[in-house]
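>>> Sequence first, then the predicted structure, then my questions.
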Amino acid sequence: MASATTSTTLSLLKTTASTTSSSASRSSASLIRLPSTRRHLKSSPLIHSLGFSSAASGDSLLSLHVSSKVRSFKGKGSRGVVSMAKKSVGDLTAADLKGKKVFVRADLNVPLDDSQNITDDTRIRAAIPTIKHLIQNGAKVILSSHLGRPKGVTPKFSLAPLVPRLSELLGIQVVKADDCIGPEVEKLVAALPEGGVLLLENVRFYKEEEKNEPEFAKKLASLADLFVNDAFGTAHRAHASTEGVTKFLKPSVAGFLLQKELDYLVGAVSSPKRPFAAIVGGSKVSSKIGVIESLLEKCDILLLGGGMIFTFYKAQGLSVGSSLVEEDKLELATSLLAKAKAKGVSLLLPTDVVIADKFAPDANSKIVPASAIPDGWMGLDIGPDSVKTFNEALDTTQTIIWNGPMGVFEFDKFAVGTEAIAKKLAELSGKGVTTIIGGGDSVAAVEKVGVADVMSHISTGGGASLELLEGKELPGVIALDEAVPVAV
Ligand SMILES: Nc1ncnc2c1ncn2[C@@H]1O[C@H](COP(=O)(O)OP(=O)(O)O)[C@@H](O)[C@H]1O
Ligand SMILES: O=C(OP(=O)(O)O)[C@H](O)COP(=O)(O)O
């Protein structure tokens, strides 16, 4: 029984690999097999003008159409189809903003070292365009964020260390409040000049923030006249400063960063240039089920790597030694493989792996076929043959989205596969392929290789991008004001 299953797997691995390498030299049309629904939608003029409609297709992924004036999103979640056409900060002019107090929720949750130095300022830099637009149009900006996950007031989670960098990037001295609500904050707001920025203290110093308590949201909202949410990294949280304040502040609009993230993560997935490949890695199948299922509905090629592959191997009867396996996900892995086949998606599993005799940076290692992992050894990276096959598959594509590393890239010895994929995406990005890095550890990997700048888009939100790719609604987006539709 075991050997019969094993040969099935081997033929699966071989078939997918050869399909891809041969397809690299064939026309892309032979590789793409769209489900009939999608073919129908693509040929419908109505659907074409609206973007790919999840409502019409019964699809769970959000759909997007971008016009010059408005970003429109439609999503179908457990609560049914929800319109997500959102008003943008770009729609607000000096006439709307001059002298107005604007509550801006950003995600300034940046890493700090033991001396409170910022070790990666990406999220601060990403928040600047929205703040600049507001101050240049005469608004008074009340800037709010969380930092870390403090339980009550915790000095090491103060936003104070962010003030110098924010001031430098904005070219003005940012004022810092010691609290985020209360009379002292109100005085600072009253003294704020047009074009000034007041940074509130960590909003999570109040437990009411994460509980989304309306009274707390009301107090935050009472500081301002209108609301801009630019905190993409926190948009999957229904907290007082992301969702609650929208009940008290009108208009409540999307910031430029939030828009850009949605444009890429929703837009590229709902109406990608094809062939469209998704690369999904990371540690566990369980944390990526939603993403894999959702992407199977959309992509032409799905490349799997990371710790999750061993659950797929074991599901097919292969020996995986002491590699990471989720025993309760074996059936699921089998059904995902079957689903990919039924949908005509070219799903590639690595054909060789780098194995280690222990989970450590100095472990002994060797490269073996995926079907030959000895007892006592664990797979910690994809092997060179797999990298070659994956690269050939990626060469045929026009859009690539990547979520999750190919191996334990934190250990140099097992970072080779992940770094090779990062370099391949950088090369393809230079040739005009849309490359989107979906947050979390994949971003760290791309930065480690030094190719972050050349990617089309690097998400500032790990959890948020994952939820978007899974087709979930983001409460921080849903709560914003609807845009007025414009003719397209
Ligand atoms: N073969 C493997 N065995 C164990 N852990 C792995 C393996 N490959 C990757 N990982 C781990 O997966 C983690 C990232 O997983 P995950 O959080 O799902 O990714 P992401 O943050 O990109 O969404 C990394 O810490 C990495 O070391
Ligand atoms: O860092 C964040 O998320 P991420 O680690 O998923 O990218 C956001 O600031 C959200 O933080 P949270 O997960 O504590 O709500």
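That came through fine. Numbers count the residues shown, from 1 in each chain. Ligands and ions are numbered 1, 2, ... in the order given.
>>> F227 falls within a strand, correct?
Yes - when classified by DSSP: H, G, I helix; E, B strand; the rest coil, F227 is found to be part of a strand.
>>> Give me the distance between G152 and ligand 1.
For G152, the distance to ligand 1 equals 28 Å [Cβ to the nearest ligand atom, to the nearest Å]. Where you see a C-beta, it was placed from the backbone N, CA and C, and this is true even at glycine.
>>> Equivalent analysis for E210, please.
22 Å.
>>> so that residue touches H239, yeah?
Yes - taking contacts as Cβ atoms under 8 Å, E210 lies within contact range of H239: 5.5 Å.
>>> pLDDT below threshold where in the protein?
Along the chain, the model assigns pLDDT under 70 to residues 1-84, 485-488.
>>> switch the cut-off to 80
Applying pLDDT under 80 to the chain flags the ranges 1-84, 439, 484-488.
>>> near ligand 2, which residues of it show up?
Among all residues of the chain, those adjacent to ligand 2 (criterion: Cβ under 6 Å from any ligand atom) are 107, 109, 149, 233-234, 237, 439, 461-463.
>>> which residues in the stretch 101-250 of the chain form strands?
Assignment of strands within the stretch 101-250 of the chain using DSSP state E, counting those that start in this stretch yields the ranges 101-105, 140-144, 175-176, 197-199, 226-229.
>>> Which parts of the chain belong to which domain?
Taking the TED database as the reference, the chain has its domains at 89-260, 272-470.
>>> which residues touch F390?
F390 sits next to 279, 303, 305, 348, 350, 382, 421, 424 when contact means Cβ atoms under 8 Å, 6 or more residues apart in numbering.
>>> can you pick the most crowded of those?
Taking other Cβ atoms under 10 Å to define a neighbour, the member of those with the most is I382, carrying 33 neighbours.
>>> mind checking how far S115 is from H146?
For S115, the distance to H146 (Cβ to Cβ, to the nearest Å) stands at 21 Å.
>>> Which one of the two is surrounded by more residues?
A count of neighbours by other Cβ under 10 Å puts H146 above the other of S115 and H146, at 27 against 6.
>>> so what's the more buried one closest to, chain neighbours aside?
Nearest in space to H146, with sequence neighbours left out and distances taken as Cβ to Cβ, 6 or more residues apart in numbering, is R204 at 4.2 Å.
>>> my guess is that neighbour contacts F157, does it?
Yes - counting by Cβ under 8 Å, R204 touches F157, with 7.4 Å between them.
>>> Which of the two has more residues huddled nearby?
Relative neighbour count places R204 above the other of R204 and F157, with 25 against 19, counting by other Cβ under 10 Å.
>>> measure that one to ligand 1 for me?
22 Å.
>>> got a list of what that residue touches?
The neighbours of R204, taking Cβ under 8 Å, 6+ apart as the test, are 146-150, 157, 210.
>>> Drop anything exposed from those residues.
Members of the contacts of R204 that pass the buried threshold by neighbour count (16 or more other Cβ atoms under 10 Å) are listed as 146-147, 150, 157, 210.
>>> what's the closest of the residues you listed to Q173?
Within the set of the buried ones among the contacts of R204, L147 lies nearest Q173; the separation is 20.5 Å, counting by Cβ to Cβ.
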